[in-house]
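# okay, sequence plus prediction incoming.
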Amino acid sequence: MSFWRRKGRDAELEEEVRSHLEMAARERAGRGEKREDAERAARREFGNVGLVKDVTRDMWKGMWLEDLWQDLRYGLRMVRRNPGFAALAILTLMLGIGANTAIFSVVNGVLLRPLPYAQPDRLVAINYYFPMGPYVIMRDQSRTMEIAANDDSEFNLTGVETPVRLTGSAVSGNWFAVLGAKPEIGRTIHEGEDQPGKDQLVLLSHSLWERRFGSDPNIVGRWITLEGTRRQVIGVMPAEFRYPSPKTELWVPLHLDPRKAGVYWGSSYMPIIGRLRPGATLGQARAEIAPMRAKIMSAYPWRMPDNTWKAATVLPMQELLVGNVRTKLLVLLGAVGLLLLIACANVANLLLARAITRQKEVAVRTALGAGRWRLARQLMAESMLLTVIGGWLGFLAATYGLPILKATLPTDLPRLADVAVDNLVLAFTALLAAVTGIVFGLLPMLTAARVDLTKTMKTGDERSGTSGSRRLSDALIVAQVAVSVVLVIGAGLLVKSLWNLSTLNPGFQREYVLTARITPNESFCEVAGRCQAFYAELLSRVRALPGVKGVAAVNGLPVGGGAEVVPSQVEAHPTEPGAHTPMFWEKIITPDYLSTLGIPVLRGRGFTAADSAPSAQRVVLVSRSTAERYWPGRDPIGEHVRPAWMSQWWTVVGVVGDVRENDITTDIADWIDGVTYMPYGPHAVQSHGPEGTPAEMTLVMKTSEDRWQLGGELQTVVAGLNHEVPVSRVETLAGWIAEAVSGPRSTASLFSLFAGLALLLGAVGIYGVISYSVAQRTREIGIRIALGARRHEVLMMILRQGARLAFAGVAIGLLGALLLTQLMASLLYGVGARDPMTYAAVAILLVLVALAASYLPARRATRVDPVVALRYE
Amino acid sequence: MSIGRNRLKGKSMAEKRERYQNRIELLQGTLDLLILQTLQWGPQHGYGISVAIRNRSGELLQVDTGSLYPALHRLEKQKWIKAEWRISENKQRAKFYQLTASGKKQLTRERSKWSQLSDAIAGVLQPDEK
C-alpha cells in the first residue's frame, strides 16, 4: 500500500471509529438510556480513542516508505558509530563511481550523444573520399540524399600586421543547409555559391572573429585577403559549431570549376556527407551508390582503376565520425567497470566483517520477531546510504575532474568538445550507485540473514563468524585479486606497447631538429622561378644563423605530415587499363633533406643542386621497400617511373632507407604502394597538376642543441624576405612524433591509473580481511603461543593465509586476462595480448602486494600476548 | 515488528502503547480465531464483531477495542479478511469485514491449532491416573 493512500486510511479509520461509537450509543439509547449518557458510556467502553487509532495505525506499518525512513535512520546511526569504516567505504565508492562517471561521460559525448545538428538521425556519410567531379555527379543524381562535401585546407590571412596561416574548409553551397547549421550573425553559404565567380565569400568561426577581429559587430560586409584573394565576410558561426573540426577557423565556398580537369577529377579528395530526404531510408540511399559509381566511372576524363570506390557505402554520419575510437573507449569503460567491481567487493567485505560482529544483535532481533526480510532490508539501508553518499561524491569528483580528463585525452579524439556531464550521465551514475549498493549490500546480507539463532546466542561470542561468511569474504578477496590482475595486465600491455612506440626507430634522426611551416600564397609560386628563388635564399640565410648545422625543406614531415599522392606507372610493370595503378607518396625535398634527418642513401646517390635546374634530367629516389617491391633482386638504379598522366619518364638514381611516413608504426597507408622522392624545383609534380614548384614547404633545421628561439629568428628572416609569408607550427621533430603517439599515451596512462587504483583497493581489501581474521583468531593464536609456537611460525601461518588467497586470485585473474585482453589486441603494438613476460611480472607483483598487505596484520599476530589473549572475551 | 520503534515516540505514550501491545499479544491467535469464526456467518462491522463475541461467549469475553481494531487491520493486511463500506441495518455507513478464501483456510488452521492446544492443556490439567 502506498504512502499517498495514508491520508485516506486515516480518514477511514476516523470514520470507522465514529460509526462504532454511534452504533454502541444507539444500542444503549435503544435500551432506554439517555442520549448523552449513552454516548458517554459508549466512549468510556471504547477506551482511549486516540490510542486505539494509534495502535491500529501501527498495523499498517510495513508500508515500505515508512520502514525505509526508519531503516535509513538506523543506517545513519550505524555510519555515525563507525566513522572510520564509513569514510573508507565512501571513499572507495567515490573512486569507483567517480571513475565510471567520468569515463561514461566521454563515451556518452563521443559515442552516444546525437550530433549537435538538426535532425541528426537523418545525417549520413559515405565511407570514401571523392574529388569534386564525382561529388557533383552524386549531388545531381541522388534522389534519396541531399549530398554535400567539404575540402579542408589552409589559408594565409594577409593585409594584417603579421600574416597568419588559418585552418579552413571549402564547402559545397548546400553544406550548411545539409547540416542544418545556423550562423551567429550574418548568413551562411548558400546553394550555388560554389560556382566560379560567386565564391569570393568567407564565413568566420566564433573564435577567429573574437581573436582576429575583436568581435567586431559590423564584421559582415568587410573584405579580407585570404591566399591573395579578397573575400567578403558574410557571417560568423556560433562557438558550438565545430565541424569539420574544432580547429576550423573559417569556411569558404568550394570552387567547382570543371575546366581545370586535373584538379576537378584528380585531387582534393573530400569527405562526403548527406541528409536523407523526407521518407528516404538508409537502405535506399545505399542502393543508389552502385549506379552512381558506374556513372562516375564512365564520366572520368581518363580511365580509373576498376576497383575504385568498390566498397563505397552510406553510413550514419555519427558512426563514421567516431568509428575508430569506439574500441578504445569501450576498453576504457570496461576497465573502470572492473575497478567498480573491486570497489564493490571491498565495501562488501567491510560490511561483511561488520555483519559478522553484529551477528548476536541480529540473532536477538530475529528472536524478538524481526522478519528476515525486514532485517535484510535494515542491513541494506546502511549500504544504500553509503552508496548514495559515495555516488554523489563520485559524481561531483567526475564533474570537476572532467576538464582534467579531457586534457589527458588526445585532441584529435572526435567530438571531444561534446563531452560534458548531462542528464544521461547523471542517470547513469544514479543507476550505477543503486546497482552497486544492492550488489555489495546483498552479499553480506546473504550470510547475515542466515544466522543460527540458538548457537549464536548460546555461545555469546559475537565474533564467531560462520564458516559461510568467512568463505564469502575469502571469495570476495580472490575475486578482487583476480580482477586486479586483469586490469594490471591490461595496463602492462598498453604501457609496453607505448614504450615500443616511443622507442621505435622511425628511420630518421629526431633529436635537435626544429621544424616550421613556410607558406607563401599559391599564386606567388605560379610565376616560374619565383618560389624557387625565395626558398633558395631562405635556406641560405637560415643556414647562416648561429647554431644551425643543417637546413632543408620538404613538402610534408614524416609520421603523418603528408606528401603528394601520385598515381604512377613503373616501366618494368606496365598496368593494363582499368587495373590498379600504383599510388606513390611523393616527397618533394631540397638536397640536404636526407642528411639533415639522417636518412641513409643505400644505393646510388642523393640529390644535388644541379637536379633542380630547369634543364636537368628528371631524377627520382625510391625508398628501400618500394625498390624491393617493384624491382626485387635487381638494381633499381636506372629504372624508370612516371606520373600516370604524363609521358616523360623519371630515372631512379638512388635508394634511401625506409621512413615511417604514415604514422609511427607504418611506413605507408594501406592504399599507398610506395614512396618516391623528387627534387624541389620546376619539375616537381603535384597530384594531377602540371609540373611546378609547390608553395607550401616545411623547413627542417638541425641544431647543435634545442634552440627554441630559432623560431623567432626564422620569423625575422622570412619577414625580411617577404612580409606576406606566414611562419606556422614551429615545433621540434621529437614533439611532432610525441603528438603522433598521444592517443596510445592517453589510453595507457588512464589504464595505468585505473590499474593503480585497483591495486591499491585490492591491497586495502586483503589487509582488511587478514587483519580481521587475526583479530578473530586472537584467542587461538594466544593458545598456540602459550603451547610453544614460535613467533615466525605464527607469522608464516598468517602470511600463508594471505598467500593462499592471492594465489587463487592470481590464477583466476590470469585466465580472465587471457580471455579479456583479446578485446584490446587492436590497441597493442609490438606486444601480444598474451605476452608471457607481462603476465609473469603482474602475477609476481600481485603476490608481492598480497604478502605485503598481509605482513602488517601477521606481525601484529606475533605480538599477541597469550595471557591477554586467553582472557580476551 | 521491529525493535526500537517505541523509542521514536514520547515515553509515557510509549508505555501505554506497550500495555496495549502486550494485550494484543496475549490474545493474539485466540482473538484472530474469534474474529475469523465470527465472520464465518457473514460480513460484519467492528462493533458487530465485538457484540457477537460478547454474546456468544455468554458475556464472558469482553473484546477490547484497542485489541480489536489493530487485529482487524492486521488480518486485513494479511488478506485473510477484506473490508468494504456499506450501509448498516440502521441506515448508517459502516466498514464491513468479510472472510476471504485464504481467510477461510486460515480459520481451519487456527481451529485445529486451538483444539490441539486445548486438548494439550486439558491433558495437563487432568488429574493423574497412575
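Cool, the structure landed. Numbering: from 1, shown residues only, chains lettered A, B, ... in the order given.
# where does pLDDT dip in the chain?
Answering for chain A, as no chain was given. Chain A contains residues with pLDDT under 70 at A:1-7, A:61-68, A:355-376, A:444-469, A:687-689, A:706, A:869-873.
# could you do chain B instead?
Ranges of chain B meeting pLDDT under 70: B:1-29, B:128-130.
# where exactly do the helices run in it?
Applying DSSP state H to chain B gives helices spanning B:11-27, B:30-39, B:46-56, B:65-77, B:101-125.
# in CSV, list those helices along with mean neighbour count.
(C-beta placed from N, C-alpha, C; glycine too.) What follows is the helices of chain B, written out as CSV (neighbours: other C-beta atoms under 10 Å in any protein chain shown):
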stretch, mean neighbour count
helix B:11-27, 14
helix B:30-39, 21
helix B:46-56, 19
helix B:65-77, 22
helix B:101-125, 12
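# could those helices be laid out in CSV, adding distance to chain A?
Below are the helices of chain B laid out as CSV (distance: least, C-beta to the nearest C-beta, whole Å):
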stretch, distance to chain A
helix B:11-27, 5
helix B:30-39, 12
helix B:46-56, 4
helix B:65-77, 4
helix B:101-125, 16
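# so which of those helices is nearest residue A:114?
Proximity to residue A:114 (C-beta to C-beta) singles out helix B:65-77 among the helices of chain B, at 48.8 Å.
# next, the angle helix B:46-56 makes with that closest one.
110 degrees (axes from the mean of the first three to the mean of the last three C-alpha atoms, to 10 degrees).
# now helix B:65-77: how far from the chain's centre is it?
Put simply, helix B:65-77 sits 7 Å off its chain's centre (C-alpha atoms, centre = their mean, to the nearest Å).
# just give the closest residue to residue 49, not the sequence neighbours.
Looking at chain A here, since you left the chain open. residue A:17 (6.1 Å; C-beta to C-beta, 6 or more residues apart in numbering or on different chains).
# not quite, go with chain B.
Distances taken as C-beta to C-beta, 6+ apart place residue B:38 nearest to residue B:49, at 5.2 Å, with adjacent residues excluded.
# what about the longest strand in chain A?
Counting residues, the longest strand in chain A under DSSP state E turns out to be strand A:145-158.
# after it, which helix or strand is next?
Downstream of strand A:145-158, the next assigned helix or strand under DSSP states H and E is strand A:164-171.
# packing partners of that next one?
strand A:145-158, strand A:250-253, strand A:727-732 (3 or more C-beta pairs under 8 Å, 6 or more residues apart in numbering or on different chains; DSSP states H and E).
# which parts of that strand are buried?
Within strand A:164-171, the residues that count as buried by 16 or more other C-beta atoms under 10 Å in any protein chain shown are A:164-171.
# partners of it, with directions?
In the sheet, strand A:164-171 lines up against strand A:145-158 (antiparallel), strand A:250-253 (parallel) (DSSP bridges).
# kindly compare burial across the ones you listed and name the winner.
Across those, averaging neighbours per residue (mean count of other C-beta atoms under 10 Å in any protein chain shown) puts strand A:250-253 on top, at a mean of 25.
# chain center to the helix or strand that it is followed by: distance?
Per DSSP H and E, the first helix or strand lying C-terminal to strand A:250-253 is helix A:261-266. Counting by C-alpha atoms, centre = their mean, helix A:261-266 is centred 38 Å from the centre of its parent chain.
# is residue A:603 bridged to anything, and to what?
Assigned bridge partners for residue A:603, using DSSP bridges, are residue A:655.
# thought residue A:636 was touching it, still the case?
Yes: with contact defined as C-beta atoms under 8 Å, residue A:603 counts as touching residue A:636 (7.3 Å).
# got any residues that touch both of those two?
Shared contacts of residue A:603 and residue A:636 (C-beta atoms under 8 Å, 6 or more residues apart in numbering or on different chains): A:627, A:655.
# who's in contact with the nearest residue to residue A:489 once chain neighbours are set aside?
Residue nearest to residue A:489 in three dimensions, not counting chain neighbours: residue A:817, with 4.3 Å by C-beta to C-beta, 6+ apart. Contacts for residue A:817 (C-beta under 8 Å, 6+ apart) come out as A:485-486, A:489-490, A:839, A:842.
# among those, who's most crowded?
Counting neighbours by other C-beta atoms under 10 Å in any protein chain shown, residue A:490 leads those with 31 neighbours.
# from chain B, how far off is that residue?
The spacing between residue A:490 and chain B, counted by C-beta to the nearest C-beta, to the nearest Å, is 47 Å.
# contacts only, for that residue.
A:331, A:335, A:751, A:755, A:817, A:820-821, A:824 are the contacts of residue A:490 under C-beta under 8 Å, 6+ apart.
# these in helices, which ones?
Using DSSP H, the contacts of residue A:490 in helices are A:331, A:335, A:751, A:755, A:817, A:820.
# can I see the domain layout of chain A?
As recorded under automatic domain parsing, the domains making up chain A are A:3-60, A:120-324, A:325-502+A:742-871, A:520-725.
# residue A:763: what secondary structure?
Put simply, residue A:763 is helix when judged by DSSP: H, G, I helix; E, B strand; the rest coil.
# now the one 5 residues further on
The assignment at residue A:768 comes out as helix when based on three-state DSSP.
# how about residue A:815?
helix.
# contacts only, for it.
Applying C-beta under 8 Å, 6+ apart to residue A:815 gives no contacts.
# how much space between it and residue A:808?
The gap separating residue A:815 from residue A:808 is 11 Å, by C-beta to C-beta, to the nearest Å.
# hmm, back to that, list buried residues within the contacts of residue A:490.
Buried among the contacts of residue A:490 (16+ other C-beta under 10 Å): A:331, A:335, A:751, A:755, A:817, A:820-821, A:824.
# contacts for stretch A:720-732, please.
Taking C-beta under 8 Å, 6+ apart as the rule, stretch A:720-732 contacts A:156-158, A:162-165, A:512-521, A:524, A:534, A:537-538, A:541, A:706, A:711, A:714-715, A:718-719.
# what's the answer for stretch A:321-338, then?
A:96, A:99-100, A:102-104, A:106-107, A:110-111, A:115, A:125, A:413-415, A:483, A:486-487, A:490, A:743, A:747, A:750-751, A:754-755, A:758, A:820, A:823-824, A:826-827.
# tell me, how many residues neighbour residue A:135?
26.
# sheet partners, orientation included, of the helix or strand harbouring residue A:224?
Element membership of residue A:224, judged by DSSP H and E, is strand A:223-226. Applying DSSP bridges, strand A:223-226 is found paired with strand A:145-158 (antiparallel), strand A:229-236 (antiparallel).
# tell me which residue is most central in chain A.
residue A:329 (4.6 Å; C-alpha atoms, centre = their mean).
# which one, of the strands paired with strand A:164-171, ends up nearest to residue B:70?
Closest to residue B:70 of the strands paired with strand A:164-171 is strand A:145-158 (C-beta to C-beta; 72.7 Å).
# tilt between that closest one and strand A:727-732?
Using the same axes, to 10 degrees: strand A:145-158 against strand A:727-732 is 90 degrees.
# show the contacting residues for residue A:629.
By C-beta under 8 Å, 6+ apart, residue A:629 lies in contact with A:673-674.
# and the strand or helix carrying it, what's buried?
Remark: residue A:629 resides in helix A:624-630, with elements defined by DSSP H and E. Buried positions in helix A:624-630, judged by neighbour count with 16+ other C-beta under 10 Å: A:624, A:626-628, A:630.
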